[in-house]
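Visitor: Compute the structure for the input listed below.
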Amino acid sequence: MTTILNGLSGMPVALHGFIVGYEPIRESISLHGGSDHRYLLEPVTAAAVEYQDGWVLLDAGFNVPVIRDPRLRGETFNYDSYTAVVPPGDPLAEAVERAGLDWGDLRGCAISHAHVDHTGGIRLTGEAPVVVQRREWQWVVDGAGFPEVVLPSDLLEASERVVLLDGDAPLAPGLTAIDTAGHTPGHQSFRVELPSGTVVVLACDAADLRVNIDTRTPCGSADASEGFALAQRSIDRLADLAAAGEDVWPGHDPAWGPWVTAIETGLVTVR
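Guide: As a prediction, the model looks like this:
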């Protein structure tokens, strides 16, 4: 099978999950029909798929230098009193180090979608390919529907190494991008096959919370006129994978077991 990313042989040996920040989010944003008055302190997550001869980064957290600069932070993170909460240091770089991975072995970075809590670490990825859906890339190039929650430069400054997908695609052996549009026009999730036989599906923001999957209820935030219809299709797709026995991880659930482990220990690893 032809894959998008080169330099990786064999199947994944491990999936490492990272917590790279937090954000207070109204329940109604994460759950369609949820409360406008209840706020959740949601983890911002990323992951690395490790192979014998390299690794792939899935999502990349916040742009830490922008957050650390008072002027840039005020200009960028200004949506509806939105607050990006980032631990001291550079949490993505430190999580990669904890996982025992070397940036020199990075073979690619796949971004679920262009919101600011997923694109900021692209700056750390050197010359590695950056994989996004074509519809997402065009959305960013055209100005994005909600510019307050997109930092276009995160992606645009990597434009020479962006690789565009059209729907489902094999990224590397045992690693597949899944079309889960709706939250944004080109949102994608990721399916990882592990040596134990476990298949982990990283829903990313197609399902912020496990309740999205369990009740087949999409997130409350969708872009474009057809966004909610696409989001419903995507949550149904993820729920079907869960019903088939695959381990679907919600993207921002503070009570989801693997993310609790990562919060408490700095890393969660599944083999």
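Visitor: got the contact list for stretch 104-111?
Guide: Stretch 104-111 is touched from outside by 4-8, 51, 53-60, 118-119, 121-122, 125-126, 128-132, 136, 155, 163, 171-172, 177, 188, 190, with contacts defined as Cβ atoms under 8 Å, 6 or more residues apart in numbering. Heads up, the C-betas are built off the backbone N, CA and C, glycines and all.
Visitor: now do 6 Å
Guide: The contact list for stretch 104-111 (Cβ atoms under 6 Å, 6 or more residues apart in numbering) reads 5, 7-8, 54-58, 118-119, 125, 128-132, 171.
Visitor: mind listing which of the residues you listed are in strands?
Guide: 54, 55, 56, 57, 58, 130, 131, 132, 171 (DSSP state E).
Visitor: Check the gap between the nearest residue to residue 196 once chain neighbours are set aside and residue 12 for me.
Guide: The shortest distance from residue 196 to any non-neighbouring residue, by Cβ to Cβ, 6 or more residues apart in numbering, is to residue 271 (6.0 Å). Applying Cβ to Cβ, to the nearest Å, the value for residue 271 to residue 12 is 9 Å.
Visitor: Between the two, which has more neighbouring residues?
Guide: residue 12 (24 against 12; other Cβ atoms under 10 Å).
Visitor: how about the more buried one, what does it touch?
Guide: By Cβ under 6 Å, 6+ apart, residue 12 lies in contact with 49, 51, 174, 192, 194.
Visitor: now those in TSV, with pLDDT, neighbour count and secondary structure?
Guide: What follows is these, written out as TSV (pLDDT from 0 to 100; neighbours: other Cβ atoms under 10 Å; DSSP: H, G, I helix; E, B strand; the rest coil):
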residue	pLDDT	neighbour count	secondary structure
49	98	30	strand
51	98	22	strand
174	98	21	coil
192	98	26	strand
194	97	18	coil
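Visitor: Among these, which one lies nearest to residue 250?
Guide: residue 192 (15.1 Å; Cβ to Cβ).
Visitor: Verify the stated contact: that closest one with residue 200.
Guide: Yes. Between residue 192 and residue 200 there is a contact under Cβ atoms under 6 Å: 4.8 Å.
Visitor: Let me see the ranges of the strands in the protein.
Guide: 14-26, 39-51, 54-58, 106-110, 130-133, 162-165, 169-172, 175-179, 188-193, 199-204, 247-250, 268-270.
Visitor: Alpha carbons of the fourth one, as CSV, please.
Guide: Output of strand 106-110 as CSV, limited to C-alpha atoms (Å, rounded to 0.1, in the frame of the first residue of the first chain):
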residue,chain,number,x,y,z
LEU,A,106,10.3,13.0,12.9
ARG,A,107,8.9,11.8,9.6
GLY,A,108,5.7,13.9,9.5
CYS,A,109,3.1,16.0,11.3
ALA,A,110,-0.6,15.5,10.7
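Visitor: where in the stretch 101-250 of the chain is pLDDT low?
Guide: 224-225 (pLDDT under 70).
Visitor: For it, which segments are assigned as helices?
Guide: Listed in chain order, the helices found in the stretch 101-250 of the chain under DSSP state H, counting those that start in this stretch are 116-119, 134-141, 152-156, 210-215, 227-243.
Visitor: residues in contact with the shortest one?
Guide: Looking back up the chat, that one is helix 116-119. 44, 59, 60, 62, 111, 112, 149, 151, 154, 155.
Visitor: For the residues you listed, which single residue is the most surrounded?
Guide: residue 112 (31 neighbours).
Visitor: follow-up on the earlier one: list just the nearest of the contacts of helix 116-119 to residue 229.
Guide: residue 112 (19.4 Å).
Visitor: if I look at that closest one, how far off is residue 27?
Guide: 21 Å.
Visitor: For burial, what's the neighbour tally of residue 213?
Guide: 24.
Visitor: I'd like the helices of the stretch 101-250 of the chain as JSON lines, with distance to residue 95 appended.
Guide: Listed next are the helices of the stretch 101-250 of the chain as JSON lines, based on distance: least, Cβ to Cβ, whole Å:
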{"stretch": "helix 116-119", "distance to residue 95": "15"}
{"stretch": "helix 134-141", "distance to residue 95": "24"}
{"stretch": "helix 152-156", "distance to residue 95": "18"}
{"stretch": "helix 210-215", "distance to residue 95": "22"}
{"stretch": "helix 227-243", "distance to residue 95": "25"}
